[in-house]
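Chemist: What follows is a predicted structure for the sequence shown.
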Amino acid sequence: MADSNAVDDAARLSAESEQFQAHLERLGELEEEKRTLSPVDPSFVALAREIEDLAAALLTDARGQTEYGEAAHEDGIETPIDAVPETLTAVQILAQWREAERDLAAEPVGSPRARELRVAIDAYRRAYQRVFDRTKE
C-alpha cells in the first residue's frame, strides 16, 4: 500500500505543480494585458479582479504543493516532478476522488484532515479534467 500511496503522492504533486504553472502563466498574460489599458477603462477593473482571483488560486496551488510535497518527502519519493509519468487513468482518478469525498464526509468540518482532503479533491478534479482534455485532442 505504501508504494501505491507514494505513486499517488507523486502524481498529486505533479498535478499541483502543473496547475500552478498554468495559473502563473495566465497571471502574467493578464497582467501584461492590464498594463496596456487606462485605469478608467472598465476592462482594467475587470482584469484587476480576475488577476486577484487568480493570485488567490496560486496561493491555494502553492499550499497544495506544500502538502503533497511533505507527503512525498515522508514517502521517500526521489523522482523530480517533471519526471512523474501521467499514469493514472480517468477511472483511477475518479475512484480516488470519490474515496476522498467519502472520507471528507466522515471528517469534522474544519479539521486538518478535512482541509487536506479538500486539497486532494481539488487536485483530483484538475487531474481528471486534464485526462478528459487529453482524450478530446
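Modeler: Good, I have the coordinates.

Chemist: For the rest of this, base every contact and every neighbour count on C-alpha atoms.
Modeler: Noted.

Chemist: pLDDT value on the residue nearest the centre of the chain, please?
Modeler: Nearest to the geometric centre of the chain sits residue 16, at 3.7 Å (Cα atoms, centre = their mean). Here the pLDDT value assigned to residue 16 is 77.

Chemist: thought it was touching residue 122?
Modeler: No - proximity of residue 16 to residue 122 does not meet the contact threshold set by Cα atoms under 8 Å, at 9.3 Å.

Chemist: Which residues are in contact with the residue nearest to the centre of the chain?
Modeler: Residue 16 is in contact with 61, 62, 64, 65, 123, counting by Cα atoms under 8 Å, 6 or more residues apart in numbering.

Chemist: In helices only, show me those residues.
Modeler: Residues of the contacts of residue 16 located in helices (DSSP state H): 61, 62, 64, 65, 123.

Chemist: residues in contact with the closest residue to the first one other than its chain neighbours?
Modeler: Residue nearest to residue 61 in three dimensions, not counting chain neighbours: residue 20, with 5.5 Å by Cα to Cα, 6 or more residues apart in numbering. In this structure, residue 20 makes contact with 58, 61, 62, judged by Cα under 8 Å, 6+ apart.
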